[in-house]
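Peer 1: what follows is a predicted structure for the sequence shown.
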Amino acid sequence: MTQITKREVDRILALSDAFGPSGMEDAVSALVRAELDGVLELTEDRMRNVRGELNPDSSGPKIMLDAHLDEVGVIVQAIRPNGTMNFLPLGGMTAGNLPSSLFDLKAADGSVVKAAVAAKPPHFMSASERNSAPAIEDMVLDCGSVSDKETREDFGLGVGSFGVPAVKAFYKEEKGLFFGKAFDCRIGVAAQIETLRRLKGEKLPCRVQASFAVQEEVGERGVYANYKALQPDLMICFEGCPADDTFQPDYMIQAALRKGPMLRHFDRSMITSPRFQKYALDLGRAKGIPLQESVRSGGGTDGGMIHTEGIPCIVVGIPVRYIHSHHCWCTAEDYLAAVDLAAEICRNLDAEVLAAF
């Protein structure tokens, strides 16, 4: 396996830090386009989906690489007279993780405002309240304002303001360890970018397409526009997948850090194409790439939207501890193994292989 470069590290950190909740992926789209400038020609639609083809003049099957740009976040629903804000989650967030956490809210002028998630202090709780977890509707965002007028006019916040976890990413080089927010799916975005960069200029038996999709966290909404435009024959879905190695018994661990990317057979959105899945697993192992397999009772990916069009899809998930929270860990070696696998598939998948699916 190759070693991670400083450029890749800087790219992953920048992608993690970027402000990009579902519906406001502008900054992430711009980063992707900058990182792939000179690699392939990309277009961006009005949703902020980004797409293109690496080698459009090549023959062979069209294989779409996909990763979603958005992250879980919040949106302001209402402002209370005391200046605090009701909010709704954008994507799946656990209520128990939210109290005392900090969000960056985008103000009307484009600046960022810090706001803490507040719930009723224990001093004012009844006995029953102290023994139960607060619901999101019982929480507010507090930017330090004392009135709705101050929140609107001085802080520039209002109904529809977007927010993301207020976290700064870092890389622990000696451990090959990344910390940050939004690795679901920014680590997948980084893996797709690097795969495309590695494959540029190679003679490939397939046409490699790039899909960077918006609004996955709220129902896989963006990827379908990319599918319609590109009309692929196959799809590799990069994901930042939930690592399970800190809370599952050993025999149930299927997405551990430092064990390689996880290829998912089943989740609530898709039964993975067994023939494409077997091909990817066999090829990866023949090339010495560490891989994991999983069967999930929950979760869903962009593949869940596209496989219903008759397109064989696989999910290449890079394990991330504590996705959909403020504080996530993932490793360089799992990211690099995902890039290695995707690149090898693109180097080997021809019309004959597709026909066998």
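Peer 2: Structure's in. What do you need? Numbering: from 1, shown residues only.
Peer 1: what is the least confident helix or strand in the chain?
Peer 2: helix 127-130 (a mean of 72; mean pLDDT, DSSP states H and E).
Peer 1: out of everything not next to it in sequence, what's closest to R275?
Peer 2: F357 (4.4 Å; C-beta to C-beta, 6 or more residues apart in numbering). Yep, even glycine has a C-beta here, placed from its N, CA and C like the rest.
Peer 1: contacts only, for that neighbour.
Peer 2: By C-beta atoms under 8 Å, 6 or more residues apart in numbering, the contact set of F357 is L234, S273, R275, F276, Y279, P312.
Peer 1: hang on, the earlier thing: heading C-terminal from the least confident helix or strand of the chain, find the next helix or strand.
Peer 2: strand 140-142 (DSSP states H and E).
Peer 1: can you tell me the helix or strand for R51?
Peer 2: Following DSSP H and E, one finds R51 within strand 50-53.
Peer 1: rounded mean pLDDT for that strand, please.
Peer 2: For strand 50-53, the mean pLDDT works out to 98.
Peer 1: what is the mean pLDDT for the next helix-or-strand element following that strand?
Peer 2: Next along the chain after strand 50-53, taking DSSP H and E as the criterion, comes strand 62-68. For strand 62-68, mean pLDDT rounds to 98.
Peer 1: contact partners of the strand holding R51?
Peer 2: If you take C-beta under 8 Å, 6+ apart as the criterion, strand 50-53 is touched by 29, 32-33, 36, 40-45, 69, 207-212, 226, 229-230.
Peer 1: what's the answer for stretch 239-250, then?
Peer 2: Here stretch 239-250 makes contact (C-beta under 8 Å, 6+ apart) with 67, 183-188, 252-257, 262, 264, 294, 299, 301, 315-324, 328-330.
Peer 1: for the spatially closest residue to M139 that is not a sequence neighbour, what are its contacts?
Peer 2: Using C-beta to C-beta, 6+ apart and skipping residues adjacent in sequence, the residue nearest M139 is A119, 5.0 Å away. By C-beta under 8 Å, 6+ apart, the contact list for A119 reads P99, P134, D138, M139, V140.
Peer 1: dump these to TSV, plus pLDDT and neighbour count.
Peer 2: Below are the contacts of A119 laid out as TSV (pLDDT from 0 to 100; neighbours: other C-beta atoms under 10 Å):
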residue	pLDDT	neighbour count
P99	88	15
P134	80	16
D138	89	14
M139	93	20
V140	96	20
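Peer 1: give me the neighbour count for the closest residue to Y322 other than its chain neighbours.
Peer 2: For Y322, ignoring the flanking residues on the chain, the nearest one in space by C-beta to C-beta, 6+ apart is C328 at 5.2 Å. Per other C-beta atoms under 10 Å, the neighbour tally for C328 reads 26.
Peer 1: list the buried ones in the helix or strand containing D334?
Peer 2: Using DSSP H and E, D334 maps to helix 332-348. The neighbour-count check on helix 332-348 (16 or more other C-beta atoms under 10 Å) flags 332-347 as buried.
Peer 1: for these, which one is nearest R11?
Peer 2: Y335 (10.6 Å; C-beta to C-beta).
Peer 1: is it true that that closest one touches I12?
Peer 2: Yes: if you go by C-beta atoms under 8 Å, Y335 and I12 touch, sitting 7.3 Å apart.
Peer 1: got any residues that touch both of the two?
Peer 2: Common contacts of Y335 and I12, defined by C-beta under 8 Å, 6+ apart, comprise I187, A190.
Peer 1: who's the nearest residue to Q77 once chain neighbours are set aside bridged to?
Peer 2: Using C-beta to C-beta, 6+ apart and skipping the chain neighbours, the partner closest in space to Q77 is N86 (4.4 Å). Taking DSSP bridges as the rule, N86 bridges to A78.
Peer 1: do you know how far N86 is from R80?
Peer 2: Between N86 and R80 the computed distance is 7 Å (C-beta to C-beta, to the nearest Å).
Peer 1: who touches both of the two?
Peer 2: Residues touching both N86 and R80 (C-beta under 8 Å, 6+ apart): V140.
Peer 1: which sections of the stretch 201-350 of the chain are below the confidence cut-off?
Peer 2: Nowhere does the stretch 201-350 of the chain drop to pLDDT under 70.
Peer 1: how about the helices in it?
Peer 2: All helices of the stretch 201-350 of the chain, identified by DSSP state H, counting those that start in this stretch, fall at 223-230, 274-286, 302-306, 332-348.
Peer 1: helices or strands up against the last one?
Peer 2: The one in question is helix 332-348. Packing contacts for helix 332-348, counted by 3 or more C-beta pairs under 8 Å, 6 or more residues apart in numbering; DSSP states H and E, involve helix 6-17, strand 62-68, helix 183-199, strand 234-242, helix 274-286, strand 313-320.
Peer 1: and of these, who's closest to G219?
Peer 2: Closest to G219 of the helices and strands packed on helix 332-348 is strand 62-68 (C-beta to C-beta; 11.2 Å).
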